[in-house]
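> Give me coordinates for this.
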Amino acid sequence: MIVVFGLALFAGFGGMVLASRRAVGSATDLAAGTQIPPFFVGITLLAVGTDLPEIASSIAASVSGHGDVAIGDAMGSVVTQSTLVLGLLPLLAGTLLVPRRGIGWTGAFTVVGLGFVALLAADGAISRPDALVLIAIWVIGSAVIYRDTTRNQQLALSERAESRLRLVATTFAALIVVGLSAMVSLWAIVGLAEWLDAPEVLIRFFVASIGTSLPELAFDLTAVKRGAVALAIGDVMGSSFVDSTMAAGIGPLIAPTEASSDLVITAAVGAMVAITIVTIMLKRIERHDWRTGTILLGLYAAFFVILLV
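The predicted structure follows:
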C-alpha cells in the first residue's frame with residue numbers, strides 16, 4: 001500500500017507543478033494581450049479557479065445539510081490563505097515586490113463579505129436571498145477593484161476575442177488539473193500518515209490547513225518563481241475574497257441551509273481580524289520578505305492555537 005501512496009503523491013505533486021506552469025503562462029499571456037493588470041487577473045480568474053475545492057465543498061456541505069461545514073471551511077480558508085500561504089511565499093521563493101494598487105479595496109471588500117456572513121447567519125440560517133447578497137458583494141467588489149487597478153490606464157485588446165477566450169479556457173482548465181492533483185496528493189499524504197499511525201490531530205491539521213490550500217500554494221510558488229508576483233499576490237488576496245463571498249454563498253444558493261450563528265460569527269470575526277492585519281501590512285510595505293512572512297506564519301499559528309483551545 002505504501003507504494004500506491006508514494007506513486008499517488010509523486011503523480012499529484014507532478015501534476016500540480018506542470019499544470020501550475022501552464023496556468024501561469026496562459027494567465028501572463030492573457031494579462032499582456034489585454035493589458036488588464038495581472039493583480040486583477042489574479043483576484044478574479046485565478047482566485048476562482050484555485051478556489052474550486054472550497055466552492056465544491058460549500059455546495060456538497062449545503063446539499064447534505066451541513067451548513068456549519070460549508071461556512072466554516074470558507075472562513076478557515078480565508079485565514080489559511082492570507083496568513084499561511086502568503087507567509088510561506090517569501091520563505092520558499094524569495095522576496096516579493098508588493099503591487100501598489102488593488103490590495104486595499106480587495107481587503108476591504110473581503111471584510112465586508114465576512115461581516116455580511118456573520119450578519120446574515122445571525123438568525124441561524126443562510127437563505128437564497130442571503131446567498132445572493134454575498135455573491136453580489138463579489139460582483140460589486142470586483143468592479144470597484146477593476147476601476148482601481150486600471151485607473152489612468154488605457155486598455156488595448158491586442159488579442160482577438162477567440163484568442164482571449166482560448167487563454168481563459170486554458171488557464172481555467174490548468175487550474176482544475178491543479179485542484180485535482182492537489183486532491184490526489186492530499187489523499188496520499190493522509191493515507192501515508194494513517195499507515196504510519198500518525199496522531200489524528202496532526203492529520204486533521206494538515207487536511208484543514210495545508211491540504212486545502214495546496215492549489216493556491218502550488219500556483220503561487222510557480223508564479224513567483226517565474227516573475228509573476230502580482231498574479232500570485234492577487235490570487236492569494238482574491239481567494240480570500242472569493243471564500244468570504246462566492247464560496248460562502250454558492251452552496252446556500254443551491255440548497256439553503258441552517259448554520260450555528262455563534263460558530264459562524266466567531267469564525268467570521270477571526271477571519272476579519274486576519275485579513276485586516278494582512279491588508280494593512282501589505283499596504284505599508286514595499287517588499288514582502290522572510291521577516292513579514294514569519295510574522296504571518298506566527299499569526300496563523302496563533303489562530304490555530306486559539307481554535308484548538
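> Quick one: mean pLDDT over the strand or helix carrying M16.
M16 belongs to helix 2-34 when assigned by DSSP states H and E. Mean pLDDT, helix 2-34: 76.
> First-to-last residue distance for stretch 38-48?
15 Å (CA to CA, to the nearest Å).
> sorry, that was for stretch 93-106
24 Å.
> Buried ones in that stretch, by neighbour count?
A93, L96, V98, P99, R101, G102, I103, W105, T106 (16 or more other CB atoms under 10 Å). C-beta coordinates here come from the backbone N, C-alpha and C atoms, glycine included.
> Then stretch 168-181?
So, applying 16+ other CB under 10 Å, buried residues of stretch 168-181: V168, T170, T171, F172, A174, L175, I176, V177, V178, G179, L180, S181.
> Spatially central, which residue of this structure would that be?
Most central in the chain under CA atoms, centre = their mean is S239, positioned 2.9 Å from the mean C-alpha point.
> gap between the helix holding M16 and the chain center?
Chain-centre distance of helix 2-34: 16 Å, with CA atoms, centre = their mean, to the nearest Å.
> Show me which parts of that helix are buried, residue by residue.
In helix 2-34, counting by 16+ other CB under 10 Å, buried: 5, 8-9, 12-13, 15-16, 19-31, 33-34.
> between the buried residues of stretch 93-106, which is nearest L192?
A93 (25.9 Å; CB to CB).
> V224 is in contact with the closest one, correct?
Yes. In this structure A93 lies within contact range of V224 using CB atoms under 8 Å: 4.1 Å.
> re earlier: could you list every helix and strand in contact with the helix holding M16?
helix 38-41, helix 161-195, helix 214-225, helix 229-242 (3 or more CB pairs under 8 Å, 6 or more residues apart in numbering; DSSP states H and E).
> Which one, of these, ends up nearest to V278?
Comparing these under CB to CB, the one sitting nearest is helix 229-242, at 8.1 Å.
> List of residues touching whatever helix or strand comes next after the closest one?
Sequence order places helix 248-254 as the next helix or strand after helix 229-242, per DSSP H and E. The contact list for helix 248-254 (CB atoms under 8 Å, 6 or more residues apart in numbering) reads 55, 58-63, 67, 70-71, 74-75, 113, 117, 126-128, 130-135, 138, 257.
> what about this structure, any weak spots by pLDDT?
152-162, 186, 198-212, 307-309 (pLDDT under 70).
> still on that earlier bit, am I right that the residue nearest to the centre of the chain is in contact with L45?
No. Applying CB under 8 Å, one finds S239 not in contact with L45, separated by 11.7 Å.
> Out of the buried residues of stretch 168-181, the closest to A228 would be?
Once CB to CB is applied, the member of the buried residues of stretch 168-181 that ends up nearest A228 is T171, at 12.1 Å.
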